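give me a model of this one.
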Amino acid sequence: MSTLFRTAALSNLLKNQMFFASRAMIRDGWPNHMMVNALQRDEALSADELQHRARKHLHQTLQVAIGKLPYYAEIASDFSVNQSEEVLRNCFPVIDKATLLDNPTRLYPHAGSRRPWESVGKTSGTTGTPLSISRSMRSVLMENAFIKRHWAWAGFHDGMKRATLRGDMVVGLQQATPPFWFMNHYNRQLLLSSRHLTDSCVIPIMNELERFAPHILQAYPSTAYTLALYLKRHDRRVSIPFVFTASEPLYSHQREMIEERFGCKIMDMYGMAERVAFATQCEFGEMHINSDYSYVEILDEKGHPTDDYGYVTGTTFHNHAMPLVRYRLSDRTKWKRGQCLCGRAFPMIEPVTGKFEDRITGSDGVEISPSILTFAFKGVENIRKSQVAQLGPGRWEVRIVPAPAFELADQRKLIANIHELVDARIDVNVVLKDELSATAAGKFQWVVNESR
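Residues are numbered from 1 along each chain as shown. Next up, the predicted model:
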């Protein structure tokens, strides 16, 4: 191992240690414990009690939006808590990502100028359109509290061991020898590099995960499935009681393989960077909208409530730094009637369906998760829309519909991000487009394989 490589590896290790130490101090202190305890008390509330709690949260959010954002300045604020739902439906328009991008000074606080005490969440989503969301510190803590409440449904609590196989940049892409993981001692968390799920690296990853023996594994469906396929190929199983999946659709064939190879129960989660909806799968397999997280509507094409499949549309409760009101996502679901056997009064939904995506592979022929691809777009500005296309083995084309301010520097940063965060050896070319077309069925493919 060269001196340069050892220095880079040590630098990455120290950076990780400092990051997780500071994050644990902020996210896992007594304020977070109090929030988790309060959220767990909500589980015992009746449907009527939860609805009353939601109206109070909604009233606060609408008042903040009217007072803080010019987009809503003309809406009268003299309405009661019990009138909040009616005011929401009658006075607040449905918005989406395009609305935010077109109205940065009217829908972002302080005319889009960030305050030092606010954090910024960056996402591309699977439309490839970068978006920044201002977040209050309370919002950051609450997000962590809601996640921990979900973990508690599997009997997990702080101090127990967990493993993570998501999009974290655990070690450099060029690293060819173990460890392909990082131990976050502050949370007893083993972070595994999903970018090293390859023939030459996967056996040490299997061995380390088996040695660590976590109570839960956090993963993208695609990364957990890829590891499960490797386990099957090597005729191995690694026992993990619970696997928590998120960020991608979980398909039945993935679920079956993951459950078989890990001997686990899968508990899926649905959320997004905009934090306008949060749904969690309980121990009985039902997906519950967390009605103390946000106000969720399911709307049809015309923006009307529907009992059929419609668009998930949410209003934030806990991020008053940038309240999003009636923010429509491209994801679709429908309400599921009845009472769950788990006893919680949170409303149920059918599985969420997202955008259609194809499958592409990296320079080594291994499938690349769309969630991993989105990391390349974070922090890249001035992109209206994008599409990642595979033209041949180890060859991609990233098609960009640029905003007026898009520059060569943005293009170079995107390519650098792909090589640093996704695949160091992929041959990638950026092409600027006036528009990106949908499929014959009217669906937009953010990831498309054209090499077949």
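
going by C-alpha atoms from here, please, whenever you check contacts or count neighbours.
OK.

what is the burial count for V325?
Using other Cα atoms under 10 Å, V325 has 26 neighbouring residues.

mind listing what the residue nearest to H33 when sequence neighbours are not counted touches?
Leaving out its chain neighbours, the residue that sits closest to H33 by Cα to Cα, 6 or more residues apart in numbering is A145, at 7.6 Å. Contact analysis of A145 by Cα atoms under 8 Å, 6 or more residues apart in numbering lists N32, H33, M35, V36, L39.

so A145 sits in a helix?
Yes. With DSSP: H, G, I helix; E, B strand; the rest coil as the criterion, A145 is located in a helix.

from D427, how far off is it?
For A145, the distance to D427 equals 41 Å [Cα to Cα, to the nearest Å].

again, but for F182
Distance from F182 to D427, by Cα to Cα: 29 Å.

same check on S113?
Relative to D427, and taking Cα to Cα, S113 is found at 37 Å.

okay, these two: which has more neighbours?
D427 (17 against 11).

assign the spatially closest residue to N319 that is not a sequence neighbour to helix, strand or coil.
Closest residue to N319 apart from its sequence neighbours, by Cα to Cα, 6+ apart: S139 at 4.9 Å. Secondary structure assignment for S139 (three-state DSSP): helix.

who are the packing partners of the lengthiest strand in the chain?
In the chain, with assignment by DSSP state E, the single longest strand is strand 383-392. On a contact count with 3 or more Cα pairs under 8 Å, 6 or more residues apart in numbering; DSSP states H and E, strand 383-392 meets strand 395-402, strand 447-449.

how far away from the center of its chain is the longest one?
Read it as strand 395-402. Offset of strand 395-402 from its chain centre (Cα atoms, centre = their mean, to the nearest Å): 23 Å.

please name every helix or strand in contact with that strand.
Using 3+ Cα pairs under 8 Å, 6+ apart as the test, strand 395-402 ends up in contact with strand 383-392, strand 427-432.

now the helices and strands packed on strand 383-392 as CSV including mean pLDDT?
Formatted as CSV, the helices and strands packed on strand 383-392 follow (pLDDT from 0 to 100):
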stretch, mean pLDDT
strand 395-402, 92
strand 447-449, 87
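
could you list the residues in contact with stretch 341-350?
The contact list for stretch 341-350 (Cα under 8 Å, 6+ apart) reads 43-47, 50, 282-284, 286-291, 333-337, 339-340.

pretty sure P221 contacts H253?
No. Using Cα atoms under 8 Å as the test, P221 is too far from H253 to be in contact (10.5 Å).

list the buried residues in stretch 35-44.
Neighbour counts over stretch 35-44 (16 or more other Cα atoms under 10 Å) mark M35, V36, L39, Q40, D42, E43 as buried.

now do stretch 299-308
Residues of stretch 299-308 classed as buried: L299, D300, G303, P305 (neighbour count, 16+ other Cα under 10 Å).

report the mean per-residue pLDDT for stretch 404-424.
On average, the pLDDT along stretch 404-424 is 92.

contacts for it, please.
169, 172-174, 195, 362-363, 372-373, 375-377, 380-383, 425-426, 428-430.

could you dump that stretch to CSV, C-alpha only?
C-alpha atoms of stretch 404-424 as CSV (Å, rounded to 0.1, in the frame of the first residue of the first chain):
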residue,chain,number,x,y,z
PRO,A,404,-30.1,29.7,-17.5
ALA,A,405,-27.2,30.0,-15.0
PHE,A,406,-25.8,26.5,-15.8
GLU,A,407,-22.0,26.8,-16.4
LEU,A,408,-19.2,24.5,-17.5
ALA,A,409,-18.2,24.4,-13.8
ASP,A,410,-21.5,22.8,-12.9
GLN,A,411,-20.9,20.2,-15.6
ARG,A,412,-17.4,19.4,-14.4
LYS,A,413,-18.6,19.1,-10.8
LEU,A,414,-21.2,16.6,-11.8
ILE,A,415,-18.7,14.4,-13.6
ALA,A,416,-16.3,14.7,-10.7
ASN,A,417,-19.1,13.7,-8.3
ILE,A,418,-19.9,10.6,-10.4
HIS,A,419,-16.2,9.5,-10.4
GLU,A,420,-15.8,10.3,-6.7
LEU,A,421,-19.1,9.1,-5.2
VAL,A,422,-20.5,6.5,-7.7
ASP,A,423,-18.0,4.9,-10.0
ALA,A,424,-14.4,6.0,-10.5
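
how about low-confidence regions in this protein?
Applying pLDDT under 70 to the chain flags residues 1-13, 123-130, 354-357, 438-444, 452.

do I have it right that R255 meets I266?
Yes. Counting by Cα under 8 Å, R255 does reach I266; the two are 7.4 Å apart.

what about these two, which has more around it?
Neighbour comparison, R255 and I266: the larger count goes to I266, with 25 against 18 (by other Cα under 10 Å).

A strand includes that one, no?
Yes. According to three-state DSSP, I266 belongs to a strand.

that one is in contact with E256, isn't it?
No. Counting by Cα under 8 Å, I266 stays clear of E256, with 9.7 Å between them.

distance of V36 relative to V170?
28 Å.

and stretch 79-99, how far out from the chain middle?
Chain-centre distance of stretch 79-99: 25 Å, with Cα atoms, centre = their mean.

can you mark which positions in whichever strand or helix holds E86 are buried?
For E86, the host element (DSSP states H and E) is helix 84-91. Residues S84, E85, V87, L88 are the ones in helix 84-91 that count as buried (16+ other Cα under 10 Å).

let me know the next secondary structure element after it.
helix 97-102.

ok, back up a step: F244 is nearest to which of the helices and strands packed on strand 383-392?
Smallest distance to F244 across these (Cα to Cα): 24.3 Å, for strand 447-449.

count of residues packed around the closest residue to S239 other than its chain neighbours?
Nearest non-adjacent residue to S239, counting by Cα to Cα, 6+ apart: F262, 4.9 Å away. Number of residues near F262 (other Cα under 10 Å) recorded here: 22.

what's the distance between F262 and Y225?
Using Cα to Cα, F262 is found at 10 Å from Y225.

and A38, by the same measure?
For A38 relative to Y225 (Cα to Cα), the value is 34 Å.
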